[in-house]
Structures are given as structure tokens and as C-alpha cells.
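**Q** What shape does this take:
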Amino acid sequence: MNTDTNPRGSAASPHEAVPQEPPQKAPYAGLVAGTPVRDEDREIRGVRAHIRVYGDAAAPNRLVFLHGLRGDHHGLEPIVAHLVRQRPDLQVWVPDLPGFGASAPLPEGVHDVAGYAAWTAELLAGVIPEGDAVIPEGDVVLAGHSFGSIVAAATMAASGAPAVRALVLVNPIATAALAGPRRVLSAVTVGVHRLAAALPEAIGTALLRHQLFTRIASVAMVTTGDRDLRRWIHAEHDRYFSGFADRRTLLEAFHASVGTDVAGYAADIRVPTLLVASENDDVAPLPSQRVLQAMFAQAQLVVVPRVGHLAHYEAPDAVAREIAGFFAGLEGATP
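**A** Numbering: from 1, shown residues only. The predicted structure follows:
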């Protein structure tokens, strides 16, 4: 039974955008509703962080999963619900990154990869209470999707990286957007964000939250031919894509996302790593994923067929199966 204290039908959080059209039929609603979940609010680096914890509270294994740019925990729910069903021994912790969803923005510093990585490191340190007899230090796995993959990789590559057991990167950004195959579209998007920065704050923020801007971005990323699924994905983006705290937060995170990639951190990551790529992902193309794999000390690459960058919406069951299989491979290994 769902123990959610803030279900989807409740009022939006302070940073969530109210949907502009009637919600479409949610293809994973039943599975998500049947997933045990609890809310936690913690102070991390001086800011209130909202975290959703899915699965049995007594489950011995933990996965911390970071969402992508302009997202929050909702976007990862389809993967997480499938994963918890397949691995009932697993708890999945999905924080709203600072300045997104229900987490407050950082009071000091920049919402860039380094800022988010330092925040993630402190979060990981608190996921397992010191002296926990059930879950020894090092039995946490860190994961990230899209921009979250960059933050997760940077967290693991940093000096004094947290002692996590392994790393999972879903649709990892192997090449910075401004150097990738969609560099022209990325440059146009950068121009829109620079315009938003130059305008008076209220007007600039309204531009960044405009429904047309959201829809263009959504259409550019969706690859499924299922009309109902497409409509639901667009509705999800309408609902959550503008859930950022303020213009500064989004602009800082956006410029970090288009100017950075996982490749810059791969060589410094020593833990077992799973790369979950998508066959038709033109944001993180498959050829670049194969190059990225070779940069890690120990990484395996799996490919989800017939989907693009939104694998978390279009094929969450397949992504969950790959992550579950990766956990099975870790069993019995020394952290």
C-alpha cells in the first residue's frame, strides 16, 4: 500500500508548476500507487532537501538516484516502481536536487556540477547512519539520469569521494551538448536562456516557464510512437518541467548541463559502473556511449532498444531490469 503523505493529487509544492491541461492517463499509475514510499526532509549544506524513499524501510540495500535537469523525483518514479517490484530488498532514495521540486535552492554557492556534487556527497554520508549493523558502509549505490549522470560521476570522481559500492548512469551525457550532434539546437536553447537572463527577472522567468518552451523541448525528446504515451509524457513535462525555484537556479544548472559531460570524470571513477544507454538517443548518442565506456576502469554498457533520451518514461521496465541485473552481479562482491 502506498504510504505517500503527498500524493500526486494533492496541492503542488511551492516550486511545482500546476498543469495547464487535464492530466493524461498515467500508464504506470497503478504500479507507482502500489509502491511503498515515504517523505523525508533533511538539512544538507544548510538547505532543506526533500527526499522520497521508495520500498520497504527494512530493505538492506540502498540506491540514491539523481534526476535530470528541470525534473524532480516524479520523473524517476516509473523506473523506481518497476525496480522495487523486481528487487524488494532495495530502498531507492530520490532527492529533489536543490532549487527543484520541493527542495530549496542553495543559499550560497552556485547550482553547478561542483555545487551539486558537494551536496550529493553530504547526502550520501547521511543515507547510512553511522554504525548501522544492517547496511554496512559502502553498500549504497549511486545513480543518475541525464544531468544527474554528470552530477553522480562528478561526485564519485571528487577527492574524498563517498564510499559507495557502485555507480549507475542512465542516458549518461557522454558528450557536452554544445559539442554533441545536437549542437545547433543546443546553441539556440542557450540563446533563449541568455535572453531570459537579460530580461527583467519576472519576464525572464515567465519565458523560461512558458508552456510553449516546455512543449518544444518535450516534442524534441519524445521518440515513442504510442500516441497515448506521448500525450502523457507531454502532460508530465507540463506539470513538472517548470518546477524550479527561481531564474538564477535554473540558469546556473542549465549552463552546467550543456557545458559538462560524464567523460570528464570517468577516468577517476574506480567503482563498478553500469551505463544504460538508449538506441535512439540523439541527446546522448550510442556511439559516444561506447567511447565513454572505455574511459572507465570497470564499466559495462547495456542498450535499451527503440527509445530515445526519455527512457525513464518510454521504457522504465527495461531500465529497471538492467539495474536489477547489475545489483545481482554485485551480490557477493567486496564493496
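
**Q** Show residues contacting stretch 83-90.
**A** 31, 35-36, 54-56, 59-63, 92, 320-321, 323-324, 327 (CB atoms under 8 Å, 6 or more residues apart in numbering). Quick note: C-beta positions are derived from backbone N, CA and C, even for glycine.

**Q** what do you get for stretch 242-260?
**A** 13, 15-17, 69-70, 72, 97-101, 104-105, 110-113, 115-116, 147, 150, 154, 173, 176-178, 186, 189-190, 193, 196-197, 201, 204-205, 208-209, 214.

**Q** average pLDDT for it?
**A** Per-residue pLDDT over stretch 242-260 has a mean of 95.

**Q** mind exporting that stretch as CSV, just the C-alpha atoms?
**A** Output of stretch 242-260 as CSV, limited to C-alpha atoms (Å, rounded to 0.1, in the frame of the first residue of the first chain):
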residue,chain,number,x,y,z
SER,A,242,8.8,24.4,-14.7
GLY,A,243,9.2,23.3,-11.1
PHE,A,244,12.4,25.3,-10.5
ALA,A,245,12.8,27.8,-7.6
ASP,A,246,13.9,30.9,-9.5
ARG,A,247,15.7,32.1,-12.6
ARG,A,248,19.1,32.1,-11.0
THR,A,249,18.9,28.4,-10.0
LEU,A,250,17.7,27.3,-13.5
LEU,A,251,20.2,29.3,-15.4
GLU,A,252,23.2,28.1,-13.3
ALA,A,253,22.1,24.5,-13.7
PHE,A,254,21.3,24.8,-17.4
HIS,A,255,24.7,26.2,-18.3
ALA,A,256,26.4,23.5,-16.2
SER,A,257,24.3,20.9,-18.1
VAL,A,258,25.2,22.0,-21.6
GLY,A,259,28.9,22.6,-20.9
THR,A,260,29.8,19.5,-19.0
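
**Q** ok, back up a step: which members of the contacts of stretch 242-260 occur in helices, if any?
**A** Residues from the contacts of stretch 242-260 lying in helices, with DSSP state H as the criterion: 113, 115-116, 147, 150, 154, 186, 189-190, 193, 196-197, 201, 204-205, 208, 214.

**Q** Whichever of the contacts of stretch 242-260 end up buried, select them in PyMOL.
**A** The PyMOL command for the buried members of the contacts of stretch 242-260 (criterion: 16 or more other CB atoms under 10 Å) is given here:
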select buried, resi 15+16+17+69+70+72+97+98+99+100+101+104+105+111+112+113+115+116+147+150+154+173+176+177+178+186+189+190+193+196+197+204+205+208+209+214
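
**Q** Next, the contact list for F147, please.
**A** With CB under 8 Å, 6+ apart, F147 has these contacts: 68-69, 173, 253, 256-257.

**Q** out of the residues you listed, which one sits closest to L229?
**A** Proximity of the contacts of F147 to L229 (CB to CB) peaks at G68, which lies at 18.4 Å.

**Q** Just to check, the closest one is in contact with S146?
**A** Yes - with contact defined as CB atoms under 8 Å, G68 counts as touching S146 (3.3 Å).

**Q** Please enumerate the shared neighbours of the two.
**A** Common neighbours of G68 and S146 (CB under 8 Å, 6+ apart) are N171.

**Q** Name the SS class of V303, please.
**A** Secondary structure state of V303, per DSSP: H, G, I helix; E, B strand; the rest coil, is strand.

**Q** What is the burial count for the spatially closest residue to it that is not a sequence neighbour?
**A** Closest residue to V303 apart from its sequence neighbours, by CB to CB, 6 or more residues apart in numbering: A277 at 5.2 Å. Residues lying near A277 (other CB atoms under 10 Å) number 26.

**Q** Distance of the residue nearest to H111 when sequence neighbours are not counted relative to G109?
**A** The shortest distance from H111 to any non-neighbouring residue, by CB to CB, 6+ apart, is to E252 (4.0 Å). Separation of E252 from G109 (CB to CB, to the nearest Å): 9 Å.

**Q** Between those two, which has more neighbouring residues?
**A** E252 (19 against 16).

**Q** Phi and psi next, for that one.
**A** Phi and psi for E252, reported as degrees, to the nearest 10, are phi -60, psi -50.

**Q** Then V53?
**A** Backbone torsions of V53, given as degrees, to the nearest 10, read phi -120, psi 120.

**Q** Show me the beta-bridge partners of it.
**A** Going by DSSP bridges, V53 is paired in beta bridges with R38, W93.
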